[in-house]
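Q: Quick one, what's the 3D model for this:
(chains A, B and C)
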Amino acid sequence: MIRIEGLTILFETFKIMDLNITIEEKEFHSLLGPTGCGKTLILESIMGLRKPTKGKIWIGEREIQTLPPERREISYVPQDLALFPHLNVKENIFYGIKARNLDKQVYDDYVQLQIQEMKVGHLLERYPANLSGGEKKRVALLRALASKPKLLLLDEPLSGLDPAIKVEIQQLLKTLHSSFNPTVLCVTHDFEEAYYLSDRITIFMDGKAEQVGKKDDIFLKPASKKVAQFLGASNLYRAKILSKDEFTQRATIEVDGLQFSMPTRLCGDSVEVGREVDLFIRPEEVMILRDGKPVKESLKRNICAGKITEITDKRRYQLINFQTMEGKINIEISIPNYAFRNLNLSVGKTVHVALREESLWVMS
Amino acid sequence: MENERFEGNGEMNFRHTMLGAAVCLFIFYLGLLLSLFYFVSGRGFWEVLIHPATLSAIRLSITAATLATFFAVAIGLPSAYALSRFEFPGKRIIDTFLEIPMIMSPIALGASLLIFFNTPLGEMIQKRGIFFVFEVPGVILAQFATIAGLATRLIKACLDEISPRYEAVARSLGSSSWQAFYRITLPLALKGLIASVILCWAKAVGEFGATVTLAGAMPGKTETMPIAIFTALASANINKTIVLIIILVFFGLCTLYGVRLTGERRRYD
Amino acid sequence: MKRVILVALILAFTIVHHAQSSSNRILIYAGAASKPATEEIVKGFKEKTGIIADVIFGGSGFVLSQMKLSKKGDLYFPGSSDFMEVAKKEDLVFPESEKIVVYLVPAINVQKGNPKGIHSLRDLTRDRIRVAIANPEMVCVGTYAVEIIEKNLAPAEKKKFKKNLVNYTESCEKTASVISLKAVDAVIGWRVFQYWDPERIETILLKPEAISRIGYIPIAISKFTRDKIAAQKFIDFLLSSWGKAAFQKYHYLMDLQESRRFTKPDTPVGGEYLLPEEWKMKGSKETAK
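A: Numbering: from 1, shown residues only, chains lettered A, B, ... in the order given. Just a heads-up that it's a prediction; the model follows:
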C-alpha cells in the first residue's frame, strides 16, 4: 500500500495543503482535478524531483520521502512521454533495467511478455522519431513498467489524442493494468478518463482533496456542490429540508416550492430540518413517463408535470431541457436514442417526469 | 524543398535578398583573402613557412588553443548546466558576469591579468605555483580568460534546448543525477557542444591582445600566430605578415572544416 | 528629387576633397618614443603656423607599415634610427631631409624604489632577476641592449643574463610599460623612460664605457607627401627653440655634448650593429623555469 500523508506544497502561487492519498496495491487510482491546480507539482514531489514543504510518503512500510528519485522505484510517464531520442525502442524499454543493474536474464522474459502484449515487437530497432503517437505511448508505458516499479505515475495519459487513438490507448491501459497489475496513480482533468480507468478516485480541487472513493460513489454521490459542478453536473438545486420521519426513514425536501421525497440515508449527515442544502440528480436518472405505462415504485413519489423547452441532439443520446409547471425548475434529462424514438417528444409538449428517488443526492 | 517555390515576384525577391546577403558576406571575406595574394611572392612564402619561428608559432597556437578550450569547457560545461537547470540566488549576476570578457577589450583583459599577478595573491600563485607572466602558461591563461565566458554561454544555450523531462524520466528509472547527465543529456547535447567547442577554439587561436599583454611576444617562446603576424607588421615586414596571415587562415579553415565534417556524421534520425 | 540627390553628392564630394587636400593639414607617422613632447609641439605648431598636424602614433615599424600600405603621409618620425634606415632603404623618405631631433642614451630601468637593488649590468645576471629587452630584430633600443650585453659581459655572465631574460617586448613604449606594470624587475631601455612614468620607473645609469652607441630620434619627409613645404615647416619648428624647449621639458637630450655627459667622448652616434644569430630567436632550451 502506498500512503501520502500531509503533503504540503507552497510554490509560487500554488498552495497545496495537507494532501492525503492512499493507494492500495495493484490499484488504479486517479487524482482528478481541474487544469492548473498543481497536479504536476504533486507528481514531482512524489517522484522526488521536488522537495515539498511538508509531507511523508510510504511505500509499504518504507518511508521514502528522504530518498533521491533513483531509489524510490517510482516510474513516471510524463505528458509528452519524453522517450529518449538517441536510443532505439529496445534501449528505451530496457533503460530502467540497465540503470538499476538488474539481472537482465531475470527480467528478459517478463519484458518480452510485455512487448508481446503491447504489440511493439516489430518496433524494437526503430527510433522514437519514427514512431506514431500510439506507438510512442506504448513504448513509454513499457519503459516505465519494465523494471517492475512499486508505483507508476501517469501524467494526463489521454490528453491531446485523436478520439480513435484515445479509445485505443484507454483500452491499452486497461489491458496493461489487468495483465501486469502495476500500482498506478494517474493524474488527469478528464472525468470520463478517470471513470473508465480507475478503481478509486481522489478529487483534488483548490489545493486539497475534496473527495476520495470508488468511482461510482463519486459519480453518483459527489461530496459537495463544488465537486458536482466539476463533474459537470447540471441538475443542481438549492433546497431546504422540510421534515424528516424517523419511522419511515424518509425526508421531504423543497426546491422552489416543489416537494420531493427521498430516503434519509441519501441526505448525508446533515439531516437537520430547516437546513439549506444542495440537491443533485444526474440527467440519466430522470425518466419521462409514457402515458398509460405503469410507473415503478421508486419513481412514484417524485412525479412532476411540465413542458419541454429544448431538445438537443447529442448524437449518442438526446438532451432534453424540461421546466416544471410548479416552481419553474429547469431539469436536464438525458435519454438514449432508442427510448427517445418511442416517446414522440417535441418542444412545447407537456409531459410528466419522475425523479428516481434512489438517485437523489443531497450535499451540504 | 528548394524546388518547391511559390509563384510570384515577392517570393523570388525575398529569396534573392536573403541569399544575396549570404553571398555578399562570403565575397567580402573571400575578397580580403584574395587581396593578400596580390602582395606576396612565391619563394618568400616557402621560406617563411619552414622557418623554425613560424613552425614554433603554429605549434604553440594550436597547443595553447586546444588546452585553453579544454579548460574552458571543463569548467564551462558544469557551469552552463547549473545556469540552465538550477535556480539559485545570484543566478542573474553570475550570468551577467560571463559577459565581462566580451565587453573588455582583449588588451584590457590581459592588463587586468597582469595587474592581478602584482597583487599579493597573484604573487603567491606565481611563487608557489606556476609562473604566468611572460611564460607559456600565460598564453593558455589569456586565451582561457577570453573564451571561458563564451564557452559557458554557448553551452548553456545548447542545454536549454534539451527538455529537463528526459533527465526526470531517467532518474525515475534509476539513474543518479550523474548518470542521467552522462547517458541522456550529454549525448543529446553533443552536436551543439561540438559546435560551441569549435567556436571557442577558433576564438582562442585568433586571440591576440590579452596574450601579448600577459605572455609577451617572445619568438620561439610565447609567440602565437596572431602575435607573429603583429610582430611582422611591427617590423615593417609586409611580406612576412601576409604569408603568416595566409598560413593562419589556411590552417584554421582546414581544422574547422575538418571538425565540422566529423561532427555532422553523428545523427539521431 | 533626383536633382536634390545630385546636388548633395556634389557638395559632399567637394567638402571631402577639400578636406583631404587642404593645405592646412599634414599627416605624421610617429614612433611612440617621443609622444609626450610631440603632442605639445603639435599644439604649438598649430598656433604658430595654423597648420594642423595629425599624428599616428605606434611602434616605429608598425606605423612604417601603415605608411607603406596606405601610400599617404607627410613625415616619418620614428623612435630610433634603425627604422629610418629601413625607410631610406625602401625609398619611402627623402634621405636628404633627415634631421636628428634628440639624442637617446641607453640605461637600465627598474621599478621605482629599486626593490631588487640593481645597480649595474652585472646585477642583471643575479639569480631570480626577471629582465626584458625590446625585440632586437625590430626595436632599436633592443638592438642597443644586445650590443651592450655582448660587449660588456663575459660568456658565462651572458648565459646567466639570457636565463633571466623572460621577454622581448614588441615596441619602445612596451619596454617602459612592462616596468610600470611590474611584469619584470628590470629592462634595458632609454634613460628617458623614467620621465615617461616617474611614479613607477627609475633609471639606473650605465657606466660610460658600457654604452656602445648613442641613439637618436630622426625625422624625415615622406615620399608620399603632398605638401613638402608644410612638412619642412614642421621639421623646422621641431628644431627651433620652441621645439627644443618642449623636448627638454621631458628630459630628452638636446645636443651631442649633453649626451656625451653619459658616455665616453668618442662613442658613436647611431650606425649599424649586426645582430648575432643567437639573439634572433629565443629558443626554448635557454629559458629557465
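Q: Any residues of the stretch 101-250 of chain C in contact with chain B? List them.
A: C:130, C:132, C:135, C:137-138, C:166-171, C:178, C:181-184 (Cβ under 8 Å from any Cβ of the partner chain). The C-beta positions use only the backbone N, C-alpha and C, and glycine is treated the same way.
Q: Excluding covalently adjacent residues, which one is nearest to residue 107?
A: Just going to use chain A. Distances taken as Cβ to Cβ, 6 or more residues apart in numbering or on different chains put A:Ile97 closest to A:Tyr107, at 5.1 Å, once the chain neighbours are dropped.
Q: Actually, chain C is the one I wanted.
A: C:Arg191 (4.2 Å).
Q: One more: C:Ile214?
A: Counting by Cβ to Cβ, 6+ apart, the residue nearest C:Ile214 is C:Val269, at 4.7 Å.
Q: quick one: the one you found from C:Leu121, how far?
A: Per Cβ to Cβ, to the nearest Å, C:Val269 is found 21 Å from C:Leu121.
Q: neighbour count winner among the two?
A: Here C:Val269 and C:Leu121 are compared on neighbour count by other Cβ atoms under 10 Å in any protein chain shown; more neighbours surround C:Leu121, at 19 against 16.
Q: Please look at that one and C:Leu153 and confirm they touch.
A: Yes: if you go by Cβ atoms under 8 Å, C:Leu121 and C:Leu153 touch, sitting 6.7 Å apart.
Q: Work out which residue lies at the spatial centre of chain C.
A: In chain C, the centroid-proximal residue (Cα atoms, centre = their mean) is C:Gly79; its distance is 2.0 Å.
Q: scratch that, chain B
A: Centre-nearest of chain B using Cα atoms, centre = their mean is B:Cys200, 2.1 Å out.
Q: Contact partners for that one?
A: B:Cys200 makes contact with B:Thr69, B:Ala72, B:Val73, B:Ile147, B:Leu150, B:Ala151, B:Leu154 under the criterion Cβ atoms under 8 Å, 6 or more residues apart in numbering or on different chains.
Q: among the residues you listed, who's most crowded?
A: In the contacts of B:Cys200, the most neighbours by other Cβ under 10 Å go to B:Ala151, 30 neighbours.
Q: still on that earlier bit, what's the first helix or strand after whichever helix or strand the residue nearest to the centre of chain B is part of?
A: Element membership for B:Cys200, per DSSP states H and E: helix B:186-206. Beyond helix B:186-206 in the direction of the C-terminus, DSSP H and E gives the next helix or strand as helix B:209-215.
Q: Measure how far that following helix is from the centre of its chain, please.
A: Put simply, helix B:209-215 sits 16 Å off its chain's centre (Cα atoms, centre = their mean, to the nearest Å).
Q: close to chain C, is it?
A: Yes: using Cβ under 8 Å from any Cβ as the criterion, contacts between helix B:209-215 and chain C involve B:Val212.
Q: What lies in contact with that helix?
A: Here helix B:209-215 has contacts from B:105-111, B:113-114, B:132-136, B:138-139, B:141-143, B:145-146, B:222, B:224, B:226-227, B:230, C:170, using Cβ under 8 Å, 6+ apart.
Q: Kindly format the C-alpha coordinates of that helix as PDB.
A: Once non-C-alpha atoms are left out, helix B:209-215 reads as follows in PDB (Å, rounded to 0.1, in the frame of the first residue of the first chain):
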ATOM      1  CA  GLY B 209      45.500  41.400 -27.200                       C
ATOM      2  CA  ALA B 210      45.300  39.500 -24.000                       C
ATOM      3  CA  THR B 211      48.000  37.100 -24.900                       C
ATOM      4  CA  VAL B 212      50.600  39.600 -26.000                       C
ATOM      5  CA  THR B 213      49.900  41.700 -22.800                       C
ATOM      6  CA  LEU B 214      50.200  38.900 -20.400                       C
ATOM      7  CA  ALA B 215      52.600  36.500 -22.000                       C
END
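Q: which secondary structure elements does whichever helix or strand comes after it contact?
A: Proceeding N to C from helix B:209-215, the next assigned helix or strand is helix B:225-234, under DSSP H and E. Under the contact definition 3 or more Cβ pairs under 8 Å, 6 or more residues apart in numbering or on different chains; DSSP states H and E, helix B:225-234 sits against helix B:52-85, helix B:186-206, helix B:209-215, helix B:238-264, helix C:60-70.
Q: what's the least confident stretch among those?
A: With a mean of 82, helix B:238-264 has the lowest mean pLDDT of the helices and strands packed on helix B:225-234.
Q: chain center to that helix, what's the gap?
A: 13 Å.
Q: And that helix, what's buried?
A: Residues of helix B:238-264 classed as buried: B:238, B:240-249, B:252, B:255, B:259, B:263 (neighbour count, 16 or more other Cβ atoms under 10 Å in any protein chain shown).
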